[in-house]
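**Student:** I need the structure of the sequence given here:
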Amino acid sequence: MGDINDLRRARKAAADDMQASADALTALEDQDGTEATALATAQAAFDAAKAAFDKADRQVKRAEEVEASRAAAAQPEPGAGDEGQQGAAPAQVKEKGLKFGAMLRTLAAAGGNVHTARAIAAENGQSGLFAAQNLSSGAAGGFLVPEDVSTEVIELLRPASVVTAMAPRIVPMPNGNMTQNRRASGASFGYGDEGADAPVTGYSYGQMKLSAKKMSGIVPISNDLMRSASTAVDRMVRDDAIADAAQIQDRYFLRGAGTEFAPKGLRYQLVGTPAAGTNIMAMTASPDLQKVTSDLGRMELALANANVPYAGAHWIMSPRIAMFLTNLRDGNGNLAFPEMQNGQLRRKPVHVTTEIPSNLGSGGDESELMLVHPMHVVVGEHMGITIAMSDQAPYRDSNGVMQSAFTRDETLMRMIMQHDIGLRHLPAVAVLTGVTWEG
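**Tutor:** Below you'll find the predicted structure:
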């Protein structure tokens, strides 16, 4: 069996011959007085061209079936590196999201032209890469990632994000909005004499409203990498996109102030509600081991008093607080919380993120600690992932300095997702503010 790309070129040539034979036969049939022998010869030429095309088509389809079966059964060899594996199809490595990385890399190499990208993918043995592509009208290579690839990338994003790593409730929002009632107070029951009036009972409700907010991020990628058809490059593109998206998502899911265009984070869900008085508390001054332990217990008690089982809650903290709790020792020199070495605190998981600042407060030396029960956290997701790219647009780097993709020989990938976050039960979050633990 020949190379699949050679077989495709042979099929294309056979199709061209078939078209030429069909045109010649039609021209003879349209002429008056054409001899029967000429028509028979033209018909025979068309039949031969059709047979050649059918043969070439069968060979291509057979080669594609073999390629698909080999990709499905492929396993990476132990210790084998993937650097420089030219033409490696993303399906050959069973890592989620590699097809996503290959799509971005190929489209960027094509300068945002999807038709050129299809040709490049075919030459690299990735003919099915854009087969299910759903194109949008976005400029400079904008397109909507196909659902199967989008799902893989979102699944990889969830553990990369601190909030979604807690396994909150993920709900789809096909229309971009969702409203759910939540009970604010329960019924009133009581005991009394046989003839006494029963207490008036009823419920009071609040509402959790989610509306899709647009999250976007830009990932600059070197064109030198884009020109290399390698699984390692696909992995790098995928990982960069996921890391950037996870950082932006956590920034707003944790501490977003909440606007028409951005989610209200867990830190501010309680502000302005009755739960703020019980579940937002200040650190005890002049902290020592006893006070630190007491503050942690106060946070757990805030959840317990609202009938939220704090045993299933998760801690979210800044690296500074995590390091303090990891190093904190008692009077005998023993670690106060040895379980911090294993990512646990008081038998609950710990999530560390720089999206909880350590420079809050008037003195710039405060941080915050959160205790969240993920069962009551709801993340609504709308549609998939929209991608746009450019090799000429300017952008600001992480230091706020304006850069030019053209002069740096880079391609900018802009990824857009839409979602929102809310709480089914507001006291499921406790926040300790003004934390100056350090050491």
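**Student:** contacting residues around stretch 42-57?
**Tutor:** Identification of contacts with stretch 42-57 by C-beta atoms under 8 Å, 6 or more residues apart in numbering yields 7, 10-11, 13-15, 17-18, 20-22, 24-25, 28. The C-beta positions use only the backbone N, C-alpha and C, and glycine is treated the same way.
**Student:** Distance from the chain centre to the longest helix seen in the chain, please.
**Tutor:** As assigned by DSSP state H, the longest helix anywhere in the chain is helix 36-73. Chain-centre distance of helix 36-73: 42 Å, with C-alpha atoms, centre = their mean, to the nearest Å.
**Student:** do stretch 214-234 as well
**Tutor:** On C-alpha atoms, centre = their mean, the centre of stretch 214-234 falls 15 Å from the chain's centre.
**Student:** before we move on, what about stretch 113-131?
**Tutor:** On C-alpha atoms, centre = their mean, the centre of stretch 113-131 falls 24 Å from the chain's centre.
**Student:** what's the answer for stretch 33-41, then?
**Tutor:** Per C-alpha atoms, centre = their mean, the centroid offset for stretch 33-41 relative to its chain is 64 Å.
**Student:** for residue 382, phi and psi?
**Tutor:** With angles defined as degrees, to the nearest 10, residue 382 sits at phi -120, psi 130.
**Student:** Just the contacts of stretch 42-57: which are in helices?
**Tutor:** Using DSSP H, the contacts of stretch 42-57 in helices are 7, 10-11, 13-15, 17-18, 20-22, 24-25, 28.
**Student:** quick revisit: filter the contacts of stretch 42-57 down to the buried ones and hand me the PyMOL line.
**Tutor:** Here is the PyMOL command that selects the buried residues among those (16 or more other C-beta atoms under 10 Å):
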select buried, resi 7+10+11+14+15+17+18+21+24+25
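**Student:** Most widely separated two among the contacts of stretch 42-57?
**Tutor:** 7 and 28 (31.8 Å; C-beta to C-beta).
**Student:** Excluding chain neighbours, give the residue nearest to residue 95 in space.
**Tutor:** residue 235 (6.9 Å; C-beta to C-beta, 6 or more residues apart in numbering).
**Student:** okay, residue 142: pLDDT?
**Tutor:** Residue 142 is assigned 60 on the pLDDT scale.
**Student:** My error: substitute residue 373 in the last question.
**Tutor:** For residue 373, pLDDT reads 97.
**Student:** Could you do residue 343 as well?
**Tutor:** 95.
**Student:** How about the contacts made by it?
**Tutor:** Residue 343 sits in contact with 349-350, where contact means C-beta under 8 Å, 6+ apart.
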